[in-house]
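Model the following, please.
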Amino acid sequence: MKNLRFLALILAAFLIFGFAAEKTYDSKSAWKQLYPKIMKQIKAPVINGATYNIADYGAVPDDPVFLNHKVINSTIALCSSKGGGTVMIPKGTWYTGPVVMKSNVDLHISEGAVLLFSDDIDQYPTVLTRWEGMDCYNTSPMIYAYEQQNIAITGKGTIDGGSSVKNWWGMRRLAAVPGKEMRGRPLLMDWNEKGTPVEKRIMGKGDNMRPQLINFYKCKNILIQDVTLTRPAFWTIHPLMCENMTVRGVTMNTVGAPNGDGCDPESSKNVLIENCFFNTGDDCIAIKSGRNFDGRRWNIPSENIIVRNCRMQNGHGGVVIGSEISGGYKNLFVEDCEMNSPSLDRVIRIKTNNCRGGVIENIYVRNVNVGQCREAVLKINLVYEPAENCTRDFPPVVRNVYLDNVKCQQSRYGVYIAGFEDLKNVVNINLMNCTWTNVKENNRLEGLIEGLVFNNTTINGTIVK
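Numbering: from 1, shown residues only. This is a model prediction of the structure:
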C-alpha cells in the first residue's frame, strides 16, 4: 500500500510539473511577454578564427569546365578541423557542385563573387533529407549540412542555383499514371502513407526530385546574412529540425522557379527572419513540420518564429503555415513588413487538410502594410489539396490567430476561411484595427468557425461586425 501511495504521489507531481498547461496569451500579452522571451533565445553565432581563401587551395574562377566543390569542401573541412573560421569565396564566378558545411565555419561570399551550381546531377551524391515534408534519401542539396553547429553563410555576393526550364526546372514533379510504375513524388507519397522505412526510400536520377538550394538538417546556431539567393532548383532555404537560426538581410529572387519557396523552416525552433526581400516563385516564407505519416511519426512542431521588417513582392503567400504541417506549429510573430504585388496571392496564409492532423496556434501579426494582393489578406484553408490520396482521419485545428493594424489597399477578399462542415476546428480568429480598401468581394466564410471577431476593422470604409 505504501508503494502504491508513493507511486501515486510521483504520478501527481509528474502531471503537475511535467504536463502543466501552457500559458495562453492574447495579442497584447503575447507581444509584451512571449515575444521578448523568444527573442532572448535567438542568438546568431559568432565565428572566430583564421580566413581560408579558396583561391589559395586550388580553386579556379570563371572557368565553366572546372567545378570547385572538391576544393571548397576540403577547405571547409580543414577550417573546421582547425577550430573554425572563415572560408572566403573571393570576387569572380566560381562554378561548383554540392557544398558540404561543417561546424564553426562561416562560408563568406564576397561582394562581386558568384557561387554558381552545376546542373550535372552526377556530381550530387544521395543524402538523407526531406522532400515536401517526407523523409527520404535524395539528390544532395546544393549546400548541405547534417548535425553541425555554429555555421554561417555571409557576404554581399550571390549564390546561384543555376536553374532554368532547360535543366532542373524542367524536372517537374511526376504525376501518378494508372497502370504504370510510380516514380518520384507519387512513389514517395505512397511510401509515406504506408510507413515504408526511410532507409528504403532512395530516390534516383529519374525521379525528378529536385534538390534544395540550402538544406541544414539537425543543426544548431545558424546565420545566413546579406547574401543574394537566386534560381534554386527547389526550396531556397530549408532548415530541417534546426534550432537557433537567424536569416538577416537576405535577398531571394526565385520567380519562375517551380516550388521556389523563399524560406521554409521545418520542425525548427527559435528562428528569426528579418530585413529580407522575397520575390518568389511560390510562398515567400512557408513554415512546415512534416507531411502526414512522417510528420506525425516525428511529432516535432515548428515553434517560436519571428518575421520582421521584411518586404514581400511576388509569391503565393507572404507568410504561410503549411501545408506540410502534421507536427503542428505554435508562436508566430510577424511585424513591420511590407507586401505589394498583383502576383502576391495572400498576406497571411494557413493551409492544411485532414490528411495532416496537428494543431496550428498562436499567430500574432501587427503593423503590416499591403499595397495589393490577389486573393485574401488572411486565408485559413482546412481543405487544401482535396484530391490528395491519403488517410483522412486527422482533422487539424487552427486557433488563436490575431491580426492587428494590417492595412491593405486592394484584394479580392478580406478574410477567406474554408473550414470543415462538421467540425469547429477554426477557433478564436481576431481582426483588430485593420483597414482594407478596394475589397472586391468582402469576406468569404465557409464551414464551421468558432469565435471570429472583428474589432475596429473596416472593409471599404464600413465597420465589420
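
pretty sure residue 451 is touching residue 425, no?
No - counting by CB atoms under 8 Å, residue 451 stays clear of residue 425, with 11.9 Å between them. The C-beta positions use only the backbone N, C-alpha and C, and glycine is treated the same way.

Show me which of these two is the more surrounded one.
Neighbours around residue 451 and residue 425, counted as other CB atoms under 10 Å, are more numerous at residue 425. The numbers are 22 against 13.

Could you report the neighbour count for the residue nearest to that one when sequence neighbours are not counted?
Closest residue to residue 425 apart from its sequence neighbours, by CB to CB, 6 or more residues apart in numbering: residue 397 at 4.8 Å. Neighbour count of residue 397, defined by other CB under 10 Å: 17.

What residues does residue 397 make contact with?
Each residue near residue 397 by CB atoms under 8 Å, 6 or more residues apart in numbering is listed here: 358-361, 425, 427.

Could you pull out the helices in the stretch 1-150 of the chain for me?
With DSSP state H, counting those that start in this stretch, the ranges of helices along the stretch 1-150 of the chain come out as 2-18, 27-29, 35-41, 69-81.

By mean pLDDT, show me the worst of those helices.
In terms of mean pLDDT, the lowest-scoring of those is helix 2-18 (a mean of 42).

residues contacting the most centrally placed residue in the chain?
With distances taken as CA atoms, centre = their mean, residue 264 lies nearest the centre of the chain, 1.2 Å away. Applying CB under 8 Å, 6+ apart, we find residue 264 in contact with 235-239, 283, 285-288.

One more pass at 6 Å, please.
Listed by CB atoms under 6 Å, 6 or more residues apart in numbering, the contact set of residue 264 reads 235, 238, 286, 288.

what's the spacing between it and residue 236?
Relative to residue 236, residue 264 is positioned 8 Å away (CB to CB, to the nearest Å).

Repeat that for residue 189.
Taking CB to CB, one finds residue 189 at 23 Å from residue 236.

more crowded one of the two?
Counted by other CB under 10 Å, residue 189 and residue 236 do not tie: residue 236 has more neighbours, with 30 against 21.

now the end-to-end length of stretch 354-362.
Using CA to CA, to the nearest Å, the end-to-end distance of stretch 354-362 comes to 20 Å.

Contacts for it, please.
Here stretch 354-362 has contacts from 292, 296, 321, 325-331, 350, 388, 390, 392, 394-400, using CB under 6 Å, 6+ apart.

mind listing which of these are in helices?
The helices, defined by DSSP state H, take in 292, 296 from those.

Which of the contacts of stretch 354-362 are buried? Put it as a PyMOL command.
Of the contacts of stretch 354-362, the buried ones go into a single PyMOL selection, burial set by 16 or more other CB atoms under 10 Å:
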select buried, resi 292+296+321+325+326+327+328+329+330+331+350+388+390+394+395+396+397+398+399+400
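
Any stretches of the stretch 201-350 of the chain with poor pLDDT?
Low-confidence segments of the stretch 201-350 of the chain, defined by pLDDT under 70, are absent.

Helices of that one, start to end?
Using DSSP H, counting those that start in this stretch, helices in the stretch 201-350 of the chain cover 292-298.

Out of the contacts of residue 397, who's the most crowded?
residue 360 (30 neighbours).

Distance of that residue relative to residue 400?
9 Å.

go on, residue 336?
For residue 336, the distance to residue 400 - CB to CB - is 21 Å.

ok, now residue 62?
53 Å.

likewise residue 296?
22 Å.

what do you get for residue 140?
39 Å.

Could you do residue 108 as well?
From residue 108 to residue 400 the distance is 41 Å (CB to CB).

Also residue 377?
18 Å.

what do you get for residue 412?
Distance from residue 412 to residue 400, by CB to CB: 26 Å.

so where do the strands sit in the stretch 251-400 of the chain?
251-253, 269-274, 277-279, 285-287, 302-308, 311-312, 319-322, 329-335, 338-339, 346-351, 359-370, 376-381, 397-408 (DSSP state E, counting those that start in this stretch).

what helices or strands is the fourth one leaning on?
Counting contacts by 3 or more CB pairs under 6 Å, 6 or more residues apart in numbering; DSSP states H and E, the secondary-structure elements packed against strand 285-287 are strand 319-322.

Neighbouring strands - and their directions - for the strand it packs on?
Here strand 319-322 has these sheet partners by DSSP bridges: strand 285-287 (parallel), strand 346-351 (parallel).

what does stretch 247-263 contact?
Under CB under 6 Å, 6+ apart, the answer for stretch 247-263 is 169, 224-230, 232, 234-237, 273-286, 314.

what do you get if the cut-off is 8 Å, keeping everything else the same?
Stretch 247-263 is touched from outside by 44, 132, 163, 169, 172-173, 210, 223-237, 271-286, 314-315, with contacts defined as CB under 8 Å, 6+ apart.

Return a ChimeraX selection command for the buried portion of those residues.
Those of those that count as buried under 16+ other CB under 10 Å are selected in ChimeraX with:
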select :44,132,163,169,173,210,223,224,225,226,227,228,229,230,231,232,233,234,235,236,237,271,272,273,274,276,277,278,279,280,281,282,283,284,285,286,314,315
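
Would you check how far apart the residue nearest to the centre of the chain and residue 240 are?
As judged by CB to CB, residue 264 and residue 240 stand 9 Å apart.

same thing with residue 439?
Distance from residue 439 to residue 240, by CB to CB: 38 Å.

And for residue 172?
Residue 172 is 23 Å from residue 240, by CB to CB.

now do residue 75
Residue 75 sits 25 Å away from residue 240, going by CB to CB.

cool, and residue 31?
As judged by CB to CB, residue 31 and residue 240 stand 29 Å apart.

Looking at the two, which has the bigger crowd around it?
residue 240 (25 against 17).

Bridged to that one, which residues?
Bridge pairing for residue 240 - DSSP bridges - gives residue 217, residue 266.

what residues are up against it?
129-130, 215-218, 266-268 are the contacts of residue 240 under CB under 8 Å, 6+ apart.

Now with 6 Å, please.
130, 217, 266 are the contacts of residue 240 under CB under 6 Å, 6+ apart.

How confident is the prediction for residue 176, by pLDDT?
87.

Can you pull the phi/psi pair for the residue lying closest to it once chain neighbours are set aside?
Nearest residue to residue 176, sequence neighbours excluded (CB to CB, 6+ apart): residue 186, at 3.7 Å. Dihedral pair for residue 186: phi -60, psi -40, per degrees, to the nearest 10.

how many neighbours does residue 186 have?
Look at residue 186: counted by other CB under 10 Å, it has 17 neighbours.

What of residue 460?
If you count neighbours by other CB under 10 Å, residue 460 ends up with 13.

I appreciate the help and will end here.
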